[in-house]
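> Sequence and predicted structure, then a few things I'm wondering about:
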Amino acid sequence: MDSNYWDEKYSTEEFIYTKVANRFIVELCGPLEVAGTKRAIELAGGEGRNSVWLAKQGWHVENVDFSQKALDKYLAFAKEEGVAELCSANCADALKFVPAFSPVELAVIGYLQIPEAQLEVATRRLASYVAPGGYLVGVWHSRDNLVSGFGGPRDPDVLPNVETITRALEGTGLTIEVLENREGQIQTKEGLKPSTTLVLLAKRGA
C-alpha cells in the first residue's frame, strides 16, 4: 500500500479513524511531564486525531504522514479545534522523514503496521529524534491478536510483538518502561469483540 492508496482512502469528508484520540495514547501521554518546550512528533498520524489531542494538552505537534489528503484533514481539524498554531504537517515517508524541528520531548507512533524490517527502521529513526529526558510512545495491533483477538491485519509480518519492538529499540539509548499487550475492543457487525493491542512507553535518560 502506497500513498496513493491512502490518499484515496482519506478522500472523504468522514474521518476514517474518528476524531477521538486513541485511548492508549491518552493513557500513556497524559501523565507525562517534561522539562522545557513541549515538542512532539507523531509518525503516521493520518487525519490527526492524536496530534490534535496532544495540541490541546499544550504540545507543539508535527504530524508526519505520507498521505497529503490525511494531512489536509488534520490541519482543518486543528483549526476547527482552535489549536492550528500548535499543529504542523510533514508529508513524508516513515522510513525517510526529517522533522521540521528536533530533538523533541515526545515521539508517538500509532498503528504503523508495516513489515517488521521496515518498522524497525521507522522506529529507530523516530527514536533518534527524542531529546534527553524525552519519551517514545507506541501503539500497534499485536501479533498475538492473530490468536486472541479480532480485527487488524492478518499478516504476522506487519504485527509487532514484545520481542520485535525490543529488538528495534536496541542501541537507541531509550529505556523501555512499558512494553506489553493490553486488552482492547473493536466494533464488528456482531458487536464489540476483544482485540489485543501492543503498547510501548520508553524514555531517554536526561
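Received the coordinates, thanks. Just so we're clear, the structure is a prediction, and the values are computed from it rather than from any experiment.
> what ranges of this structure fall below the confidence cut-off?
Counting by pLDDT under 70, the chain contains low-confidence ranges at 1, 187-189.
> pretty sure Val130 is touching Leu201, no?
No - using CB atoms under 8 Å, Val130 is not in contact with Leu201, being 12.0 Å away. In this view, the C-beta of every residue, glycine as well, is placed from N, C-alpha and C.
> So for the two, which residues contact both of them?
Leu136 (CB atoms under 8 Å, 6 or more residues apart in numbering).
> Neighbour count: those two, which is higher?
Neighbour count, other CB atoms under 10 Å: between Val130 and Leu201, Val130 has more, with 23 against 20.
> what's across from the more buried one in the sheet?
Val104 (DSSP bridges).
> mind listing what it touches?
103-107, 136, 174, 204.
> again, only using 10 Å
Shown in contact with Val130 (CB atoms under 10 Å, 6 or more residues apart in numbering): 41, 102-107, 136, 172-174, 202-204.
> Just the buried residues from these, in ChimeraX please.
Restricted to buried positions by 16 or more other CB atoms under 10 Å, the ChimeraX selection for the contacts of Val130 reads:
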select :41,103,104,105,106,107,136,172,174,202,203,204
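> and the contacts of Val130 as TSV, adding distance to Pro153 and secondary structure?
Below are the contacts of Val130 laid out as TSV (distance: CB to CB, whole Å; DSSP: H, G, I helix; E, B strand; the rest coil):
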residue	distance to Pro153	secondary structure
Ile41	24	strand
Ser102	30	coil
Pro103	31	coil
Val104	28	strand
Glu105	31	strand
Leu106	26	strand
Ala107	23	strand
Leu136	22	strand
Thr172	25	coil
Gly173	30	coil
Leu174	26	strand
Ala202	23	strand
Lys203	29	strand
Arg204	30	strand
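> of all the contacts of Val130, which comes closest to Ala94?
Within the contacts of Val130, the smallest distance to Ala94 is 11.0 Å, found for Ile41 (CB to CB).
> I figured that closest one hits Ser51, correct?
Yes - counting by CB atoms under 10 Å, Ser51 is a contact partner of Ile41 at 9.3 Å.
> can you map out the strands along the protein?
In the chain, the strands defined using DSSP state E lie at 39-43, 60-65, 87-91, 104-110, 130-141, 174-188, 191-204.
> Compare the ones you listed and report which one is nearest to Val147.
strand 191-204 (8.6 Å).
> Buried ones in the closest one, by neighbour count?
For strand 191-204, by 16+ other CB under 10 Å, it's 195-204.
> who does that strand pair up with?
Counting by DSSP bridges, strand 191-204 is paired with strand 130-141 (antiparallel), strand 174-188 (antiparallel).
> Need those in CSV (columns: distance to Val83).
Shown next, in CSV, are those (distance: least, CB to CB, whole Å):
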stretch, distance to Val83
strand 130-141, 19
strand 174-188, 27
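> quick revisit: list residues touching both of Ile41 and Ser51?
By CB under 10 Å, 6+ apart, the residues touching both Ile41 and Ser51 are 59, 61-64, 88, 108.
> Same list (these) but as JSON lines, adding neighbour count and distance to Val20.
Formatted as JSON lines, the shared contacts of Ile41 and Ser51 follow (neighbours: other CB atoms under 10 Å; distance: CB to CB, whole Å):
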{"residue": "Trp59", "neighbour count": "26", "distance to Val20": "17"}
{"residue": "Val61", "neighbour count": "29", "distance to Val20": "16"}
{"residue": "Glu62", "neighbour count": "24", "distance to Val20": "21"}
{"residue": "Asn63", "neighbour count": "29", "distance to Val20": "16"}
{"residue": "Val64", "neighbour count": "26", "distance to Val20": "21"}
{"residue": "Ser88", "neighbour count": "21", "distance to Val20": "22"}
{"residue": "Val108", "neighbour count": "27", "distance to Val20": "15"}
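> Nothing else from me, thank you.
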